[in-house]
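Engineer: missing the sequence, but the structure's below:
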Ligand code: XUL
Ligand code: CO
């Protein structure tokens with residue numbers, strides 16, 4: 001039985017199409033820089049927003065119309081959502097999905113009951129994966145909604161909460177492995193503080209590192225080969241999240257000897273909350289060899305919180321895809337739509353409009369990024385800007401051949417450096433030639 005009898009599989013109709021339920025730019029089999037769009041973009045649909053989001057906000061009830069949920073609750077509701085979710089992925093031709101343990105199955109009265117319900121749903125997920133060919137990009141554990149995590153999970157002041165969280169991650173890792181997941185994400189929803197008056201920050205960070213080392217050990221023990229990711233976010237829900245941005249995460253991973261075990265899963269709205277552009281975050285991660293995956297969404301710059309909107313800004317998707325191509329493309333990661341439809345967009349069809357728009361925006365970003373690279377002027381400009389480092393004194397500095405004394409001698413002889421324009425506006429205009 002179809003939940004969307006009026007919606008056919010979304011087809012590519014090209015830029016001239018006026019059909020809102022067609023792709024204008026995402027042509028899965030089109031080859032760009034030697035790889036299909038499908039393989040470059042590795043689109044993924046999230047369970048939490050797509051199936052569980054109901055439009056609730058701080059000021060109002062849910063608005064979403066979800067006919068497949070009528071009269072259902074608990075495990076029955078969880079069961080009913082599974083085929084609907086996969087119908088959406090299949091109709092969108094999205095090759096991947098992502099979930100938290102407690103989105104797909106409800107919280108039980110005990111850990112044992114939660115695990116039992118989770119197992120029931122995992123069987124259904126597995127069957128649907130087989131039927132539709134949709135694969136798991138990454139799994140994760142929800143360690144932030146339940147009151148037991150009010151003070152944190154891996155950074156809780158209570159060792160028993162830490163243990164409970166470990167048990168949840170253990171199970172989520174087993175399930176992700178069982179479902180052939182290509183990765184596993186850690187987002188520390190409550191790993192931070194609201195007040196330093198009651199917080200031993202050093203001890204909490206050490207605990208977080210211990211927790212991740214235990215996860216690395218358990219991953220090895222069960223033979224899970226997927227990639228671990230840590231997802232930076234600066235605030236919301238806590239005042240200060242320990243994993244605040246890409247640089248803070250990398251510093252944490254290096255300090256605690258975890259750098260070889262985790263890459264970053266970067267999210268656009270988290271980047272902007274941190275006061276960075278997504279391009280900045282991607283470059284920080286990419287330079288460290290840690291660009292793993294992206295949670296593709298966008299914030300509203302008029303609002304100061306994580307609005308998780310679908311990305312439609314071509315400028316943004318171009319920047320994202322330029323970074324992805326620059327750092328060699330996704331391997332285990334992908335473009336994961338951690339995004340939700342607006343509270344006012346409450347009809348089921350809005351879920352399709354949203355994902356189609358995001359996929360088309362990224363397809364355009366990919367095509368534009370490839371065109372900018374093929375054109376070569378941007379790269380040539382940057383290369384030329386650094387030319388004094390390619391030979392002579394610059395090359396000697398980079399090679400570690402000279403120190404302050406030789407540089408003083410050079411400066412005395414060379415005299416005043418000749419200033420050249422950075423040409424920002426020229427380059428912004430150049431980029432706009434391609435948009
Ligand atoms: C929260 C967020 C999470 C993570 C997974 O802002 O982005 O949904 O992506 O826990
Ligand atoms: Co996210």
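Structural biologist: Done, it's in. Computed from a predicted structure; not experimentally measured. Ligands and ions are numbered 1, 2, ... in the order given.

Engineer: do you have the helices of the stretch 251-400 of the chain handy? List them.
Structural biologist: Using DSSP state H, counting those that start in this stretch, the helices of the stretch 251-400 of the chain run over 268-273, 278-287, 314-326, 348-375, 377-385, 392-398.

Engineer: spell out which parts of the stretch 251-400 of the chain neighbour ligand 1.
Structural biologist: For the stretch 251-400 of the chain, the residues in contact with ligand 1 (C-beta under 6 Å from any ligand atom) are 267, 295, 306, 338. (Glycine included, C-beta is placed from N, CA and C.)

Engineer: count the neighbours of the closest residue to the first one other than its chain neighbours for me.
Structural biologist: Sequence neighbours aside, residue 295 is the residue nearest to residue 267 in space, at 3.5 Å (criterion: C-beta to C-beta, 6 or more residues apart in numbering). For residue 295, the tally of surrounding residues (other C-beta atoms under 10 Å) stands at 25.

Engineer: residue 295 bridge partners, please.
Structural biologist: residue 267, residue 336 (DSSP bridges).

Engineer: my guess is it meets residue 278, correct?
Structural biologist: No: contact between residue 295 and residue 278 fails when scored by C-beta atoms under 8 Å: they sit 10.1 Å apart.

Engineer: between the two, what contacts are shared?
Structural biologist: 266, 268 (C-beta atoms under 8 Å, 6 or more residues apart in numbering).

Engineer: still on that earlier bit, most neighbours among the residues of the stretch 251-400 of the chain next to ligand 1, which one?
Structural biologist: Most surrounded of those: other C-beta under 10 Å gives residue 267, at 27 neighbours.

Engineer: quick one: contacts for that residue?
Structural biologist: If you count contacts by C-beta under 8 Å, 6+ apart, then residue 267 has 231-233, 294-297, 338 around it.

Engineer: one more: residue 199?
Structural biologist: residue 193.

Engineer: would you mind giving me the confidence score for the residue positioned nearest the centre of the chain?
Structural biologist: Nearest residue to the geometric centre of the chain (C-alpha atoms, centre = their mean): residue 295, 2.3 Å. Here, the pLDDT recorded for residue 295 equals 98.

Engineer: stretch 152-171 near ligand 1 anywhere?
Structural biologist: No: contact between stretch 152-171 and ligand 1 is absent, the nearest approach being 11.5 Å (criterion: C-beta under 6 Å from any ligand atom).

Engineer: got the buried residues for that stretch?
Structural biologist: For stretch 152-171, burial by neighbour count (16 or more other C-beta atoms under 10 Å) applies to 152-156, 161-162, 164-166, 168-171.

Engineer: wait, what's in contact with the residue nearest to the centre of the chain?
Structural biologist: Taking C-beta under 8 Å, 6+ apart, one finds 231, 265-268, 270, 336-338 in contact with residue 295.

Engineer: show me which of those neighbour ligand 2.
Structural biologist: Among the contacts of residue 295, the residues within reach of ligand 2 (C-beta under 5 Å from the ion) are 267, 338.

Engineer: max pairwise distance over the residues of the stretch 251-400 of the chain next to ligand 1: which two?
Structural biologist: Longest distance between any two of those is 10.5 Å, between 295 and 306; criterion C-beta to C-beta.

Engineer: joint contacts of these two?
Structural biologist: Counting by C-beta under 8 Å, 6+ apart, the contacts common to residue 295 and residue 306 are residue 270.

Engineer: in the stretch 1-150 of the chain, which residue sits closest to ligand 2?
Structural biologist: residue 46 (7.9 Å; C-beta to the ion).

Engineer: next: the stretch 151-300 of the chain.
Structural biologist: Counting by C-beta to the ion, the stretch 151-300 of the chain gets nearest to ligand 2 through residue 295 (3.6 Å).

Engineer: so where's the stretch 101-250 of the chain shaky on pLDDT?
Structural biologist: Along the stretch 101-250 of the chain, the model assigns pLDDT under 70 to no residue.

Engineer: name the element residue 427 belongs to?
Structural biologist: With secondary structure defined by DSSP states H and E, residue 427 is part of helix 424-434.

Engineer: list the contacts of residue 75.
Structural biologist: Contacts for residue 75 (C-beta under 8 Å, 6+ apart) come out as 105-106, 117, 120-121.

Engineer: report the contact partners of residue 36.
Structural biologist: Residue 36 neighbours (C-beta under 8 Å, 6+ apart): 28-30.

Engineer: who does it bridge with?
Structural biologist: Beta-bridge partners, per DSSP bridges, of residue 36: residue 31.

Engineer: and the pLDDT at it?
Structural biologist: At residue 36, pLDDT is 98.

Engineer: that one and residue 366: what is the separation?
Structural biologist: According to C-beta to C-beta, to the nearest Å, residue 36 stands 11 Å off from residue 366.

Engineer: ok so, going back, make TSV out of the buried residues of stretch 152-171 and add secondary structure.
Structural biologist: TSV is the format used below for the buried residues of stretch 152-171 (DSSP: H, G, I helix; E, B strand; the rest coil):
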residue	secondary structure
152	coil
153	coil
154	coil
155	coil
156	coil
161	helix
162	helix
164	helix
165	helix
166	helix
168	helix
169	helix
170	helix
171	helix
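
Engineer: relative to residue 132, which of these is nearest.
Structural biologist: For these, the nearest to residue 132 is residue 171 (24.3 Å; C-beta to C-beta).

Engineer: measure the closest one to residue 118 for me?
Structural biologist: For residue 171, the distance to residue 118 - C-beta to C-beta - is 7 Å.
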